[in-house]
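A.B. asks: just need the structure, nothing else, for what follows:
(4 chains)
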2 protein chains.
Amino acid sequence: MPPHEHPAATDSARELIAAHGGRVTRTRVAVIEALQRSAHPLSHDEIGATLDGAGIGHDRVTLYRALDWLVEQGIAQRIAGGERAWRFEIRRDGDHRHAHFHCERCGQIVCLEDVPAAAPTLPAGFAVARAELVLHGACADCGRAGVEGKEG
Amino acid sequence: MPPHEHPAATDSARELIAAHGGRVTRTRVAVIEALQRSAHPLSHDEIGATLDGAGIGHDRVTLYRALDWLVEQGIAQRIAGGERAWRFEIRRDGDHRHAHFHCERCGQIVCLEDVPAAAPTLPAGFAVARAELVLHGACADCGRAGVEGKEG
DNA sequence: GCTTTTGATGCAACATTGTAGCATTAGATT
DNA sequence: AATCTAATGCTACAATGTTGCATCAAAAGC
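C.D. replies: All right, here's what the predicted structure looks like:
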């Protein structure tokens, strides 16, 4: 690729991988970019679809392992969300842990950037590594369409 | 069964089921009792083991359906926890939503009765049905054994 | 107490999500 | 280009949950 044409996103993805001592592969780059582009956490399946769209060959296992590695390296993080499948999102700078919203209508997970997922004071002896706060209900879009009737 | 011998727990389980218009079956009664007896949320598998122990025949599907019904009726509630499998707990009176702690060492889920899982103020349009707060880390038992060395 | 009704069960078969083992490919290095 | 080995992509499997349908049994009626 011509050096005057490298997209910043791709570049940072490649650098991100290299900085963690991993090999820069199509799959990893594409996964990171997909996560970076998305406003909400993506499921394994959604990421797979993105790879397909980008014409990047892969299989389930490779994708799982790429995601495992990203989580392991602290580049991405897993979210339990509402359904059975994990969802993944890029860890922005700092450890900025935010809450998530799971819409029970459209199934989507939305990041609530402004709502911190802070750990409260716990009984003695408990060591908290991370807090996960998930709100379930109807998101702004679905709520409007559903609660008020049709499209009030 | 002699009327002077009915255990209170069983009785309330039976009443609970009947009050919701369901049929009082061995499986449902045993599941409710298992959940009532347990101090922490139980997985499908753990509940199944209890039924086996009680000599109550069942299969995976029956148990799943019994649990589904309990959740549907608001008698029990599902917890996503840390691992893939759901866990279930009885809903005590009131909507007393508390946080849970997932120990990454022993895998156990602990109820933090004193820590409410309250929904913070959300952007307009979001309708929150319930909040799920899960803290991940090492529980009091595991933390002591692990952080301080052997068994300080 | 016996019959009827239909909710609940139990079985088989399947769907989804995630892992393990291993030969091959390809990124990084020399 | 040759080398080294991390990463890939198979296959096969494990864990978790669901669907369809025949059978059983809890609640209701007689």
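
A.B. asks: check contacts around residue A:89.
C.D. replies: Under the criterion of C-beta atoms under 8 Å, 6 or more residues apart in numbering or on different chains, the neighbours of residue A:89 are A:35, A:38, A:40-42, A:76-77, A:79, A:111. From N, CA and C alone the C-beta is placed, and that goes for glycine too.

A.B. asks: sorry, slip of the keys, the one I care about is residue A:128.
C.D. replies: Going by C-beta under 8 Å, 6+ apart, residue A:128 touches A:119, A:122, B:101, B:135-137.

A.B. asks: for it, grab phi and psi.
C.D. replies: Here is the backbone geometry of residue A:128 (degrees, to the nearest 10): phi -90, psi 120.

A.B. asks: which among the contacts of residue A:128 gets closest to DNA strand D?
C.D. replies: Distance from DNA strand D was checked for each of the contacts of residue A:128 by C-beta to the nearest atom of the strand. The minimum falls on residue B:136, at 17.2 Å.

A.B. asks: just name the shakiest helix or strand of chain A by mean pLDDT.
C.D. replies: For chain A, counting by mean pLDDT, DSSP states H and E, helix A:140-147 ranks last in confidence among helices and strands (a mean of 68).

A.B. asks: how about the residues of chain A by DNA strand D?
C.D. replies: Counting by C-beta under 7 Å from any atom of the strand, the residues of chain A lying close to DNA strand D are A:22-23, A:25-28, A:57-62, A:65-66, A:69, A:84.

A.B. asks: what's the most distant pair in those?
C.D. replies: A:23 and A:84 (30.7 Å; C-beta to C-beta).

A.B. asks: compare neighbour counts for those two and give me the winner.
C.D. replies: In terms of neighbours (other C-beta atoms under 10 Å in any protein chain shown), residue A:84 is the more surrounded of residue A:23 and residue A:84; the figures are 11 against 7.

A.B. asks: how about the more buried one, nearest residue that isn't a chain neighbour?
C.D. replies: The spatial neighbour of residue A:84 that comes closest, neighbours along the chain excluded (C-beta to C-beta, 6 or more residues apart in numbering or on different chains), is residue B:84 at 6.3 Å.
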